[in-house]
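predicted model follows, preceded by the sequence.
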Amino acid sequence: MSPAEEVSGIRPQPDSLPEPRGQLLAEISDAIVGIYHEGYGRGPTGAKTYVMDDLVLCVLRDGLTPAERTLRDQGQGEFVRNMRVKFQDAVEDRMRGRVEKLTGRSVVAFLSQATVDPEVMIEVFFLDGATGSDGSHESP
């Protein structure tokens, strides 16, 4: 019994528990990493996707190429970051399309950012309404 169940004395019913959506999250992560891999010849080595209400957030780590790391290490980090942002802008339609296909939902807004030290990129997708526990959406 969990600490919350011990305090409340209420055990959740099996049908009221959220359905797992790990497969959807992994598919979104894989799709975004795949776009990076197609564009750079390698993708980030770490990716994790979160879904909260109408928000999909994909955090990508360790994605710079050896050439980009060399430039960053020689004081050209801002140049590398700007190039990464331009790449993210160039593939926005592909990213939106993959998220829309996987979630079955429209992406109404997209935000993207990159840093080079540490190597972290984020892709944020705002969907057309809140998601269910399995990533689904029901229109009213």
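Perfect, I can see it now.

chain center to stretch 121-129: distance?
Distance, stretch centre to chain centre, for stretch 121-129: 8 Å (CA atoms, centre = their mean, to the nearest Å).

need the longest helix for the chain.
For the chain, the helix with the greatest residue count under DSSP state H is helix 22-40.

quick one: distance of that one to the chain centre.
Centroid separation between helix 22-40 and its chain, computed with CA atoms, centre = their mean, is 8 Å.

could you report the distance from Phe125 to Glu68?
25 Å (CB to CB, to the nearest Å). Every residue, glycine included, has its C-beta placed from N, CA and C.

more crowded one of these two?
Phe125 (27 against 20; other CB atoms under 10 Å).

show me what the strand or helix carrying the more buried one is packed against.
Phe125 is part of strand 119-127, with elements assigned from DSSP states H and E. With contacts defined as 3 or more CB pairs under 8 Å, 6 or more residues apart in numbering; DSSP states H and E, strand 119-127 has these neighbours: strand 55-61, helix 77-90, helix 92-103, strand 107-116.

of these, flag the one that's most buried.
strand 55-61 (a mean of 19; mean count of other CB atoms under 10 Å).

what angle sits between that one and helix 92-103?
120 degrees (axes from the mean of the first three to the mean of the last three CA atoms, to 10 degrees).

so what's the gap between strand 55-61 and the chain middle?
2 Å.

what do you get for stretch 51-61?
So, by CA atoms, centre = their mean, the centroid of stretch 51-61 is 4 Å from its chain's centroid.

ok, for Arg98, nearest residue in space, not its chain neighbours?
Ala31 (4.1 Å; CB to CB, 6 or more residues apart in numbering).

who's the residue most central in space within the chain bridged to?
For the chain, the residue nearest the mean C-alpha position is Cys58 (1.4 Å; CA atoms, centre = their mean). In this entry, Cys58 is beta-bridged to Thr49, Glu123, by DSSP bridges.
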